[in-house]
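[1] everything below, folded, please.
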Amino acid sequence: MNNRTRHILFLGVSIFLLWTIPTLAQISQNDLPKSFALNQRISENLPITSLPKVDRNQLIKEDQQTGRNFRFAAPIPVDYDLNNAGQWTVLKNGDRIWQLQLKADKAVGLSILYDDFFLPKGATLHVYNEAKTEILGAYTHINNKTSGKFMTGIIHSDVVVIEYFEPQQVKNKGRIHIHKLMYGYDRARITPPKNGQPSIYSGGSGFGTALPCHVNVNCAEGNAWENEKRSVVRILVVVEEGMGWCSGTLINNTRNDGTPYILSAFHCQDGFTPEYDFYRFDFHYESDDCNNPSTEPMVQSILGCTNRAGRVESDFQLFELSTDIPLNYNVFYSGWNRNTNYEPAQSWNIHHPNGDIKKISVDEDPAKIYPAPLNWNNNVTTPANHHFFVTYDEGTFEGGSSGSPLFDANGHVVGQLNGGTADCSIFEAFFGRFAFSWDMGGNANNQLQNWLDPENLGNIILDGFDPLEETNRVSISGRINDRTGMAAIGTTVYLYDQEPSENVLPIDSTTVSANGNYVFESFVSNQDYYVQPQKQMDDIEGVSTFDLVLMTQHILAINTLGSPYEMLAADVNQDGNITTFDVILTRQRILLFIDTFTNVDAWQFANADYIFTNNTDPFSSNGYEDISFIELQAVATNQNNINFIAYKMGDASGDASMNN
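    Residues are numbered from 1 along each chain as shown. Take a look at the predicted model:
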């Protein structure tokens, strides 16, 4: 048995990691906090809430005693929300700003975790330092997740300000509950430099800390890997005990449908308590060329995942990202080879050592199946034949490289990095074999087969999938009019990959043009899509006492409203009936006794192809509740006539125009 191999821990061991997290952590907008533009300095006298004290020396002592050399930040449990903390400022137009200023004594960085997070449309969230020189956000409703979980990246300060802006029309609809902060603390390096160079356990971690013998992925050695490198991600792992780095691969399945599976290493979470909703996956964290850049590259990230399967024997973990990957991320889904007797003649490893930018390592010799068990320094023994043994000819690996892919010459993944012994003079690595991760576990929770071959097609080899290839793309387009026949100019149209709801994130949006048309271009084929228009504007425009007369006549059966859309428009309280209560609410809105119709946008949209089974009672028509969106199943070709009709709430006469 091999007793000198070392289990590569998944996280860096120094606070240097803390300084390297780019501010573009999740999908966000480039808007500044609303308070910055106001004449009154509303944050000038903002109270400071002090966080519970943290014993930094005790944390370091604990790490040394437990061997927990992954940790660069420790959790501080808190209980802050929009009602029990911070201060509100009401603006002249009725909009509101909530601010909470937090101070953690001697922290070198703070990251904020939310366990109940929902931003209504129009609201924004920012996090910034006291000097307003480091700003995260704006985060908007597109950051909402079905889990209600969210995380904002690290502010490099001991003081942070959280600012939530809420427009008057969505008052009290937002939810923000902060349950934990990650406190960055300074710590000594665990292992001294070796021959003037930091060792793999020296504690250096993050941007610019990888060993000098690494090769950047955009050097000549990576020229043939333009596709596969787009599949390799850096993973910010968040566990209850702390935070840190691993690597992983966006991997294809036999449906070629772009399901966002990430293959990584089991030991990245083994022995810890993972918080999958806060895992962050960074794409394209790399240099532009062969040189190490002087400034840190930006990243494109996805927050949150579901754990699908894992197995310690071959050290694999499979995640599914919490949302589909935007097309503009330009990613690639790598293929794989699960041949049980296969030993690649050459192999390549693309990875993020120490959480640094993307590197590539090369072995010109065959990757050999290791015939003996392996003893790891976390008291795990993996069976014989479960790993490939690789000795690099170029490059090396470090902590943070764990979970990164081993490619054969055809660009197929054959394994993921478990560990080994490496610096700039020793280059021995062990990769858990993909073939032994395939079906050796016996059930869906501990094998890849159920996820990567959902139709049980039996592929031994699968090529990669590029969503940007022309043959894999479709477009979706249509037209939107109001009931006067006018183009619904300025309407926002959202595209979803699951049925729309308040907590479902759209995958794209566009705006209706002057001729009433909209288009979504270049989306992955053979997937389900949902299209839904939305527009909020002055809900009293076009609504008058004439509408009250028509609604009253309809209720009294004196004169029935003329179309299903007029009846739907008259149901302002959305209870599926037209009653005197709708008349009362409409009158109150006309007289400005109420600010808006509750829980409904001013303009509503209906599938133009929907046929009401009863034109005199649209509320009895089967499925009328779902006409606000159009479902497209397994879209294989371009969809060109996904059309909608717009109607105005309270406009029983049907004469309101969206372009007034």
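
[2] buried residues in stretch 362-376?
    Within stretch 362-376, the residues that qualify as buried are 362, 363, 367, 369, 370, 374, 375, 376, counting by 16 or more other C-beta atoms under 10 Å. C-beta here means a position set from N, CA and C on the backbone, and glycine is covered the same way.

[3] if you could redo that for stretch 513-527, that was the one I meant.
    513, 516, 518, 520, 523, 524, 525, 527.

[4] OK, contacts around the fourth one?
    With C-beta atoms under 8 Å, 6 or more residues apart in numbering as the criterion, the residues that contact residue 520 are 475, 476, 477, 493, 495, 508, 510, 531.

[5] repeat the analysis, applying 7 Å as the threshold.
    Going by C-beta atoms under 7 Å, 6 or more residues apart in numbering, residue 520 touches 475, 476, 495, 508, 510.

[6] what helices and strands are in contact with the host helix or strand of the first one?
    It refers to residue 475. Following DSSP states H and E, one finds residue 475 within strand 473-482. Here strand 473-482 touches strand 517-524, strand 527-534, strand 644-648, going by 3 or more C-beta pairs under 7 Å, 6 or more residues apart in numbering; DSSP states H and E.

[7] what's the shortest one in contact with?
    Residues external to strand 644-648 that are found in contact with it (C-beta under 7 Å, 6+ apart): 480-483, 488, 533, 542-543, 565, 568-569, 602-608, 656, 658.

[8] are any of those buried, and which?
    By 16+ other C-beta under 10 Å, these give 480-483, 488, 533, 542-543, 565, 568-569, 602-608, 656, 658 as buried.

[9] so where's the protein shaky on pLDDT?
    Scanning the chain for pLDDT under 70 picks out 1-30, 39-44, 63-72, 186-205, 503, 538-539, 660.

[10] ok, now which ones touch the spatially closest residue to residue 477 that is not a sequence neighbour?
    Sequence neighbours aside, residue 519 is the residue nearest to residue 477 in space, at 3.9 Å (criterion: C-beta to C-beta, 6 or more residues apart in numbering). Residue 519 makes contacts with 475, 477, 510, as judged by C-beta under 7 Å, 6+ apart.

[11] where exactly do the strands run in the stretch 401-550 of the chain?
    Under the criterion DSSP state E, counting those that start in this stretch, the stretch 401-550 of the chain carries strands at the ranges 405-407, 412-422, 427-433, 461-462, 473-482, 492-496, 508-511, 517-524, 527-534.

[12] same thing with the stretch 551-660 of the chain?
    603-607, 630-635, 644-648.

[13] surely residue 433 touches residue 388?
    Yes: assessed by C-beta atoms under 7 Å, residue 433 is found in contact with residue 388 at 6.0 Å.

[14] what do these two both touch?
    Shared contacts of residue 433 and residue 388, counting by C-beta under 7 Å, 6+ apart, come down to 414, 415.

[15] could I get the strands of the stretch 401-550 of the chain as TSV with distance to residue 109?
    What follows is the strands of the stretch 401-550 of the chain, written out as TSV (distance: least, C-beta to C-beta, whole Å):
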stretch	distance to residue 109
strand 405-407	30
strand 412-422	28
strand 427-433	32
strand 461-462	41
strand 473-482	41
strand 492-496	35
strand 508-511	33
strand 517-524	37
strand 527-534	38
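
[16] just name the most buried of those strands.
    strand 405-407 (a mean of 29; mean count of other C-beta atoms under 10 Å).

[17] in its sheet, what does it sit against?
    Strand 405-407 has the following sheet partners, assigned by DSSP bridges: strand 347-351 (antiparallel), strand 412-422 (antiparallel).

[18] residue 337: which of those is closest?
    Across the strands paired with strand 405-407, residue 337 has its closest neighbour in strand 412-422 (4.0 Å, C-beta to C-beta).

[19] any idea which of the buried residues of stretch 513-527 is closest to residue 415?
    Out of the buried residues of stretch 513-527, the member with the shortest distance to residue 415 (by C-beta to C-beta) is residue 524, at 27.3 Å.

[20] who does that closest one bridge with?
    According to DSSP bridges, beta-bridge pairing links residue 524 with residue 473.

[21] thinking it is in contact with residue 468, fair?
    No: here residue 524 does not reach residue 468: they are 9.3 Å apart, not a contact under C-beta under 7 Å.

[22] related to what we said a few turns ago, do you know which of the strands paired with strand 405-407 lies nearest residue 629?
    So among the strands paired with strand 405-407, strand 412-422 is nearest, using C-beta to C-beta, at 37.3 Å.

[23] and the angle for the closest one with strand 427-433?
    140 degrees (axes from the mean of the first three to the mean of the last three C-alpha atoms, to 10 degrees).

[24] now residue 213: closest residue in space that isn't a chain neighbour?
    residue 424 (4.0 Å).
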